[in-house]
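# What would the 3D arrangement of this be:
(one chain, ligands or ions: 1)
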Amino acid sequence: MNSPVNTGAPVIALRNLARSFEQGGVRIDVLRGVNLEIGQGEIVALLGPSGSGKSTLLQAVGLLEGGFSGQIELAGTQAGELNAADRTTLRREHLGFVYQFHHLLPDFNARENVVLPQLLLDVPRKDAEIRAEELLGALGLEHRFDHRPSQLSGGEQQRVAVARALANKPQLVLADEPTGNLDEKTADRVLDEFLDLVRGQGSSALVATHNERMAARMDRVVRLHEGRIS
Ligand SMILES: Nc1ncnc2c1ncn2[C@@H]1O[C@H](COP(=O)(O)OP(=O)(O)OP(=O)(O)O)[C@@H](O)[C@H]1O
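Numbers count the residues shown, from 1 in each chain. Prediction:
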């Protein structure tokens, strides 16, 4: 699958997305028919209080978990109609992920953590290293290429995670409280750098947060309330 040309179609379209969980014999309807479209290059904040289902929604869009009903169309492809292998390919080619905790590979240095997802798409190693150093450099980490995650500060770790998420120029970046683990000043800076890079490469993003101030810095804010988006 190659990256589709920008046709003006949404990068992602969710239709009537629903997810329930059973807990101790009780059914909780977390998502009750979510409809959402995100355009090319659009950065959308997904705002909602703790427990409102933001992570559940991002997991669905990330094509990592089953158990959902409704439709997810990513880059013009109906994800629900794909087998597991094609879904993995779709995810690797079009999605990037940033979580609250960095989830970097502890035994690999910063450069390697950003190189690895590119190798999965058969990017030649040399090109992948150039791209990794370019991204890490743009995030102010030019002196940290050879550092492992444990040798980096929290803000630096999260910057490497941002570089890793953007390495393959995904059409859509999914970020779940990407700065939630950082102090306010560092969080502001990392969010600015993240938004600049996403905008600079023309990707779209869906960023879950419960922070109104952060949400206000994005192009559009959608609210998750009682399992639906308003
Ligand atoms: N695997 C699961 N099994 C049972 N219940 C679950 C599961 N995953 C999530 N839930 C429930 O779904 C609801 C939404 O959880 P979710 O993590 O999506 O919320 P959130 O808005 O991301 O919250 P936070 O901001 O605290 O991360 C919660 O009530 C949670 O307990």
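
# helices or strands next to the longest helix along the chain in the packing?
Within the chain, and with DSSP state H defining each element, the longest helix by residue count is helix 184-200. Packing partners of helix 184-200 (3 or more CB pairs under 8 Å, 6 or more residues apart in numbering; DSSP states H and E): strand 43-47, helix 125-138, helix 154-166, strand 204-209. All C-beta spots, glycine's among them, are computed from the backbone N, C-alpha and C.

# Could you dump the ones you listed into CSV with distance to Ile28 added?
Converted to CSV, these look like this (distance: least, CB to CB, whole Å):
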stretch, distance to Ile28
strand 43-47, 19
helix 125-138, 39
helix 154-166, 30
strand 204-209, 18
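
# Quick one: the helices in the chain, in order.
Going by DSSP H, the chain shows helices at 54-61, 84-94, 110-119, 125-138, 154-166, 184-200, 212-215.

# re the thing from before, now the helices and strands packed on helix 184-200 in CSV, with mean pLDDT, distance to Ala60 and mean neighbour count?
As requested, these are exported to CSV (pLDDT from 0 to 100; distance: least, CB to CB, whole Å; neighbours: other CB atoms under 10 Å):
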stretch, mean pLDDT, distance to Ala60, mean neighbour count
strand 43-47, 97, 12, 23
helix 125-138, 97, 27, 17
helix 154-166, 96, 18, 25
strand 204-209, 96, 11, 25
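
# Would you tell me which of those gets closest to the ligand?
Set against the ligand and scored by CB to the nearest ligand atom, these come closest in strand 204-209, at 6.3 Å.

# Close to the ligand: what parts of the chain are there?
Taking CB under 6 Å from any ligand atom as the test, the list of the chain residues beside the ligand reads 21, 23, 28, 30, 48, 50-56, 210.

# check contacts around the closest residue to Pro178 other than its chain neighbours.
Using CB to CB, 6 or more residues apart in numbering and skipping the chain neighbours, the partner closest in space to Pro178 is Val98 (4.3 Å). By CB atoms under 8 Å, 6 or more residues apart in numbering, the contact set of Val98 is Gln158, Ala161, Val162, Ala165, Val173, Leu174, Ala175, Asp176, Pro178, Phe194.
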